[in-house]
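Asker: build me a model:
(one chain, ligands or ions: 2)
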Amino acid sequence: MIPLLTAAQISQVDNYTIAHEPITSIALMERASEAFVVAFTCDYPDKAKNITVYCGTGNNGGDGLAIARLLKNNFYTNVSVKIARFSQKSTPEFEHNFVQLKSVGIDFFVINADDEIPFDDSEIIIDALLGSGLNRPLSGDYAKLVEYLNNLHTTVVAVDVPTGFYTDGQIPGNLLVLKARQVITFQQAKINFLLPESAPFMDDFKVVDIGLDKPFIASLNSPYQLIEESDVRQMLKPRKPFSHKGTYGHALIIAGQPQTMGAALLCSSACAHTGAGLTTVCIPQSGLVALNTSMPEIMAIIRNDLPDIKWEKYNTIAIGPGLGTDASSIELLRAVFKEYKRPVVIDADALNMIADNKDLLLNIPAGSVITPHMKEFDRLFGQHTSWWQRIETVISKAKQYNICILLKNRYTIIGTPEGKIYFNPTGNPAMASGGMGDVLTGVITSLLAQGYAAREACIIGAYIHGKAGDELSNQLSVVLAGQVAKHIPATLAKMRA
Ligand SMILES: NC(=O)C1=CN([C@@H]2O[C@H](COP(=O)(O)OP(=O)(O)OC[C@H]3O[C@@H](n4cnc5c(N)ncnc54)[C@H](O)[C@@H]3O)[C@@H](O)[C@H]2O)[C@H](O)CC1
Ligand SMILES: [K+]
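Answerer: Ligands and ions are numbered 1, 2, ... in the order given. The predicted model follows:
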């Protein structure tokens, strides 16, 4: 896991690294700038491009000055610098790099407070105006400059953070930010890069290692963690010799109506493909032919017969995909919560029924998983005006109800009762199509049936679901839910190799 830190914590790590590596702050800035330049030259190899580096007078600006110098050393022939000197304040690291810049003879121009903004015709802008030190929205000269630069629609590559962007905490509405084509960020993704509010301000970000002290970062015990493939590989249990279908659990999936049988088929297919020993799906009578034709490996219970079943023979139950929200479905949901005491997976219409009958929240079996998308989440827990607020709610509700909450998004957010938040990095826009959530529910259900705890089931499930889609999207511009379900065994095989 990569612990994700707030700006205040990053500055703490910065100071710790300087004191304990030890390294001077100027050498650390040089290391960061070198790392930026390595990444930059890889993505922008044309050394004749007209590049302007815009620098503030803090350490982000100091980085910018060092970057301009290093680009020149790397034979970029058309680099110049514009310095926004909007206040008397500057850092010693900035001043040091200013002297260095002058010594290598790069053209620079100082924009003072209230000055007219100089004309810019560069092909690439490197944004080193403000970084993680931002402590208020842009205004005055900074706002004027950023508005001017945004209107140019030039390719902008931001150093560490796009100027004006908040790295953590709630992002105010109508925020003015220098929009970046790419952000090359130091040491780790900033938490807000992983939230949808970052989308208008950056197309892409790349993390470069600048050697900050990793044990110290870990010691800060951040609640926010980014999942890495190695975590999932470690969590995955092998399929052992002499094991049999009973070893891998029996999942019951309660899903589908005559018009939404697809949800039941996709969910149960994903469950079987993720390796549950047995999968039974509870469907309406009219869906039986479709099930038997498409998935002969899956057993069926007809919906009307459900009340008579032996609940305890299932290792887990999933309820919700395509289920509908009529009176009989609510009755069914209540019956599951009453009769079944092991962890369940609750999705889609089951979440909507809980949203309309909030008393049911208290009856969710301990250790269960709920898998809402944003709208289902807000219906359950109230309207939110920002994703940061939603994360706070995930933390409090996961604890209150002793459940894992998996809030679906580009970087799916998984909250645990212990107060941790895990971000899943896999998945891609080719997967944005119907049924994908049903497949994810099936994957997680399968993992619970196989004996993984809710936290592991969510982390592994979200990761492999997205990774299967990533693998498919190498060749396909649109990936359908059924394709993801069928590809899971191949993804799992690679992960276990
Ligand atoms: N550990 C690392 O990741 C390293 C980071 N480096 C770089 O340092 C910046 C952070 O530098 P800092 O001096 O703390 O802040 P900024 O340059 O972002 O800002 C300077 C200064 O500006 C003032 N300010 C804040 N908000 C506003 C505003 N809205 N308008 C005007 N002025 C504002 C405030 O006083 C700030 O202190 C980080 O991003 C990296 O680029 C190191 O180079 C290497 C290690
Ligand atoms: K910046």
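
Asker: only C-alpha atoms for contact and neighbour calcs from this point on.
Answerer: Noted.

Asker: surely Arg181 is in contact with Val157?
Answerer: Yes - between Arg181 and Val157 there is a contact at 5.9 Å, judged by C-alpha atoms under 8 Å.

Asker: quick one, which of the two is more surrounded?
Answerer: In terms of neighbours (other C-alpha atoms under 10 Å), Val157 is the more surrounded of Arg181 and Val157; the figures are 26 against 19.

Asker: now the more buried one: how far from ligand 1?
Answerer: 13 Å (C-alpha to the nearest ligand atom, to the nearest Å).

Asker: mind starting the numbering at 39 from now?
Answerer: That works, and once the first residue is 39, the last one we named lands at Val195.

Asker: report the central residue of the chain.
Answerer: Nearest to the mean C-alpha position of the chain, counting by C-alpha atoms, centre = their mean, stands Tyr449 at 2.1 Å.

Asker: how about it, what does it touch?
Answerer: Leu232, Leu233, Phe461, Asn462, Pro463, Thr464, Gly465 (C-alpha atoms under 8 Å, 6 or more residues apart in numbering).

Asker: ramachandran coordinates for Ile321?
Answerer: The phi and psi torsions at Ile321 (degrees, to the nearest 10) take the values phi -130, psi 170.

Asker: tally of neighbours for it?
Answerer: So Ile321, with other C-alpha under 10 Å, has 27 neighbours.

Asker: now it, which residues is it bridged with?
Answerer: When bridges are called by DSSP bridges, Ile321 pairs up with Ile340.

Asker: I'd guessed it sits against Leu290; true?
Answerer: No - under the criterion of C-alpha under 8 Å, Ile321 lies out of contact with Leu290, with a separation of 10.7 Å.

Asker: what about the residue in the stretch 339-488 of the chain that ligand 2 sits nearest to, which SS state?
Answerer: Closest residue of the stretch 339-488 of the chain to ligand 2, C-alpha to the ion: Trp426 (21.7 Å). At Trp426, secondary structure determined by DSSP: H, G, I helix; E, B strand; the rest coil is helix.

Asker: now do Val319
Answerer: Criterion first, three-state DSSP; result for Val319: strand.

Asker: residues contacting it?
Answerer: So Val319 contacts Leu290, Ile291, Ile292, Ala293, Ala302, Ser306, Ile336, Met337, Ala338, Ile339 (C-alpha under 8 Å, 6+ apart).

Asker: can you do 10 Å?
Answerer: Val319 sits next to 289-294, 302-303, 305-307, 326, 329, 336-341, 355-357 when contact means C-alpha atoms under 10 Å, 6 or more residues apart in numbering.

Asker: with Leu514 instead?
Answerer: Leu514 touches Ala468, Gly507, Asp508, counting by C-alpha under 10 Å, 6+ apart.

Asker: next step: the residues you listed restricted to helices.
Answerer: Gly507, Asp508 (DSSP state H).

Asker: let's see if you can find the most crowded of the contacts of Leu514.
Answerer: When neighbours are counted by other C-alpha under 10 Å, Gly507 leads the contacts of Leu514 with 29 neighbours.

Asker: noted, bye for now.
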